[in-house]
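A.B. asks: take this sequence and fold it.
(one chain, ligands or ions: 1)
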Amino acid sequence: TIPRVTLNNGVQIPQLGYGTYKLPPAETRDLVLRAFDAGYRHVDTAQMYRNEREVGLAVAASGLPRDEVFVTTKLNNAFHAHDDALAAFDRSLTELGLDFVDLFLIHWPLPAVGLYTQAWGALEEIYASGRARAIGVSNFQPSHLARVLETGTVVPAVNQVEVHPYLRQDEVRAFDAAHGIVTEAWSPLGRGTVLADPVVAVVASRHGVTPAQVVLRWHVQRGDVVFPKSATPSRIAQNADIFGFALDDDDMVAIDALHRDERTGSHPDTENRTGR
Ligand code: A2P
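C.D. replies: Just a heads-up that it's a prediction; the model follows:
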């Protein structure tokens with residue numbers, strides 16, 4: 001079974017979840033069901049992914065008790081204004097077919113738009129209403145988080161950012177940790193780029209596991225929450241099968257040394273998609 005991490009409000013989150021970014025909508029329901037079969041109990045979606053409905057259908061079809069499934073979704077960039085954020089959250093619940101989510105995040109800070117503290121106020125109201133068991137942010141740099149901490153009353157439970165061996169995110173992770181914020185890693189496999197790394201291959205063969213399992217294990221041993229994405233059923237299962245071995249300190253150090261500050265996605269300061 002997948003270990004859980006305790007958030008700063010006492011809510012427990014499974015440390016490994018199924019990422020749904022870019023999954024083909026027509027296949028999403030079945031793939032999420034595959035993930036539940038493989039033991040996943042945590043699904044990460046977003047308004048921007050346009051697959052909340054299919055994720056919700058899978059949760060319903062799984063027959064799992066609601067309190068055994070952890071569902072995260074995220075506020076679309078277009079809706080940072082207070083009333084827009086509240087309305088967008090209501091639409092997410094409708095799409096998902098749920099009466100609460102486990103975690104609701106601001107997807108991107110959009111510093112040029114300048115409304116993320118206002119959006120945070122809306123998330124605080126949603127949290128107070130009980131319709132989100134926890135609230136947090138995504139792609140926030142320490143400077144953005146500092147403003148939220150200054151102007152808000154609830155400390156974000158998580159900060160979900162791009163993290164993998166080529167992008168260690170030391171500063172963001174240190175800031176998160178100093179404030180009791182759990183770091184969640186998106187694109188934990190660097191969209192597949194790190195899987196071809198010779199150092200990862202050596203560690204993998206020594207443990208008799210795959211490169212993907214080594215990289216996911218590295219994340220988990222650092223204490224982050226991870227969401228490997230895969231549209232391939234065998235890989236979905238493989239990616240959750242990482243709790244039967246452990247990397248030693250030398251392995252961890254060797255993988256840490258792969259850092260080269262390489263992003264596969266947008267930088268938080270320049271991401272500015274605001275389409276609906
Ligand atoms: P696929 O969907 O064809 O299985 P990230 O989570 O870092 O964004 O990486 C996702 C990419 O990594 C996808 O292209 C996915 O391909 C691939 N991937 C996911 N799991 C594995 C695995 N266990 N082995 C090889 N490639 C994988």
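A.B. asks: end to end on stretch 134-151, go ahead and measure it.
C.D. replies: Using CA to CA, to the nearest Å, the span of stretch 134-151 from its first residue to its last is 18 Å.
A.B. asks: next: stretch 73-87.
C.D. replies: Start-to-end, stretch 73-87 (CA to CA) is 14 Å.
A.B. asks: what's the answer for stretch 152-171, then?
C.D. replies: 22 Å.
A.B. asks: one more: stretch 16-27?
C.D. replies: Using CA to CA, the two ends of stretch 16-27 sit 21 Å apart.
A.B. asks: same check, this time on stretch 136-145
C.D. replies: First-to-last residue span, stretch 136-145, CA to CA: 10 Å.
A.B. asks: which residues sit against that stretch?
C.D. replies: Stretch 136-145 is contacted by residues 74, 103-109, 111, 116, 120, 148, 156-162, 171-172, 175-176, 179, 181, 184, 186, 266, 268-269, 271 when judged by CB atoms under 8 Å, 6 or more residues apart in numbering. Glycine gets a C-beta too; all of them are placed from N, C-alpha and C.
A.B. asks: which parts of the stretch 151-276 of the chain sit against the ligand?
C.D. replies: Contact residues (CB under 6 Å from any ligand atom) of the stretch 151-276 of the chain with the ligand: 187-192, 195, 210, 212, 228-232, 235, 238-239.
A.B. asks: ok, back up a step: if any of the contacts of stretch 136-145 are buried, give me the ChimeraX selection for them.
C.D. replies: The following ChimeraX line selects those of these that are buried, judged by 16 or more other CB atoms under 10 Å:
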select :74,103,104,105,106,107,108,109,111,116,120,148,156,157,158,159,160,161,162,172,175,176,179,181,184,186,268,271
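A.B. asks: how many other residues sit next to the nearest residue to residue 87 once chain neighbours are set aside?
C.D. replies: With CB to CB, 6 or more residues apart in numbering as the criterion, residue 87 has its nearest non-adjacent residue at 7.3 Å, and that residue is residue 79. Residue 79 has 23 neighbouring residues, counting by other CB atoms under 10 Å.
A.B. asks: over to residue 37?
C.D. replies: The burial count for residue 37: 12, using other CB under 10 Å.
A.B. asks: follow-up on the earlier one: what subset of the residues of the stretch 151-276 of the chain next to the ligand is buried?
C.D. replies: For those, a burial check counting by 16+ other CB under 10 Å picks out 187-191, 195, 210, 212, 228-230, 235, 238-239.
A.B. asks: right, I'll leave it there.
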